[in-house]
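# no sequence for this one, just the structure:
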C-alpha cells in the first residue's frame, strides 16, 4: 500500500464530506473505525487487496485510551505505507451554527453538558492526533467545492512540496490552517486613496503605490529571504505543503500585493498555489 490517510477532526467540520471527496479522487474509504483496530484492518487490506490509496475516517468516539495512544497506532501503520493525518476544524461559532441547523446531537452529548462544552472537550481529546497531522484544514468558510480544491492542493499527488500563498483580512479572522502568518497592516494602506479603494493588489495602480514605499519593499524582501532560505529544508523533511498566509486589514490591497509578488519571485523554483481568501468581499 503506497498511501494511507487518516481523516479526523472536530465533529461538524466536514469529515464525511472530505471522505466523499477522497473517494472521488480514487481513495478506498472506510469511516467510523476504532483507532485500536486500524493496524489490523490495514494489514488485512494490504494483504488481500492491491490498494494504492486508503483513507480511514476516525472520530472522538474512540476510547480515551485509544486516543492517548495514537502515537503507537501511527507508528504501526507506517509499516504499510506513507501515513498522513488530515485534521479538519472550524471556528466554534460556526460549529454551533452547523449543529443547530442539522439538529443532530454532538457525539459527546451523552458525556458532557452543553454543545459548547462538547466542542471544547472534543478538541482536547483529539489533541494527540492533531499533533501528528500533516494537513490542517479550517472549513469555517468553505463549500464542498472549496474543500475539494484545498484537499487537492494540500495532499498533492506526488512528493513535490507545494507552497500555498494565501492573502487574508484580519477583520474576517485569522486562518487556522496556516503554517506561517505574517501581518502587513503596518504598511501604507491604499484603502485611504479614494481612486485606489475599489481596486485590489493585483491592479497596477495599487502595485505602483505600494512599490513606492521603502517599508513595503523591505517587508517583501524579508519574506522572500525567509522563504528562499527555509523552503528547501521543509522539502527535505518530506513536507507535502507549506501554507504561508499574509494578512492586512481587509485582505484586498497590501496582503494581495505581497502574495502576488512572492508568487512571481518563487514560481520558477516551487509548485505554488495562490488563494485570495477575501476576494468575495472585494469592492
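Yep, it's here. Computed from a predicted model, the values in this text were never measured in an experiment.
# what does the helix ranked longest in the chain contact?
Secondary structure of the chain read by DSSP state H shows that its longest helix is helix 214-236. Contacts with helix 214-236, where a contact means CB atoms under 8 Å, 6 or more residues apart in numbering, come from 160-161, 163, 182, 184, 186-188, 210-211, 242, 244, 246, 254, 257-258, 261-262, 265-266, 269-270. C-beta coordinates here come from the backbone N, C-alpha and C atoms, glycine included.
# do the same with stretch 93-106
Residues outside stretch 93-106 that contact it (CB under 8 Å, 6+ apart) are 10-13, 90, 115-116, 118-119, 122, 140.
# and these as JSON lines, adding distance to residue 215 and pLDDT?
Shown next, in JSON lines, are the contacts of stretch 93-106 (distance: CB to CB, whole Å; pLDDT from 0 to 100):
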{"residue": "10", "distance to residue 215": "39", "pLDDT": "94"}
{"residue": "11", "distance to residue 215": "44", "pLDDT": "93"}
{"residue": "12", "distance to residue 215": "42", "pLDDT": "93"}
{"residue": "13", "distance to residue 215": "38", "pLDDT": "94"}
{"residue": "90", "distance to residue 215": "35", "pLDDT": "94"}
{"residue": "115", "distance to residue 215": "45", "pLDDT": "91"}
{"residue": "116", "distance to residue 215": "42", "pLDDT": "92"}
{"residue": "118", "distance to residue 215": "46", "pLDDT": "92"}
{"residue": "119", "distance to residue 215": "41", "pLDDT": "93"}
{"residue": "122", "distance to residue 215": "43", "pLDDT": "93"}
{"residue": "140", "distance to residue 215": "31", "pLDDT": "93"}
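# just the ones of the residues you listed in helices?
115-116, 118-119, 122.
# please list only the buried members of these.
With neighbours counted using 16 or more other CB atoms under 10 Å, the ones in helices among the contacts of stretch 93-106 contain these buried positions: 115, 118-119, 122.
# ok, those vs residue 72, which is closest?
Using CB to CB, residue 122 is the member of those that sits closest to residue 72, with 21.4 Å.
# give me the neighbour count for the residue lying closest to that closest one once chain neighbours are set aside.
Once its chain neighbours are removed from consideration, residue 122 has its nearest residue in residue 60; the separation is 4.8 Å (CB to CB, 6 or more residues apart in numbering). Close neighbours of residue 60, defined as other CB atoms under 10 Å, add up to 22.
# how about the helices in the chain?
Remark: helices assigned in the chain by DSSP H are 15-24, 38-48, 64-68, 70-77, 92-102, 115-125, 127-130, 144-155, 204-211, 214-236, 254-266.
# among the ones you listed, which is the most enclosed?
Mean neighbour count (mean count of other CB atoms under 10 Å) peaks for helix 254-266 among those, with a mean of 22.
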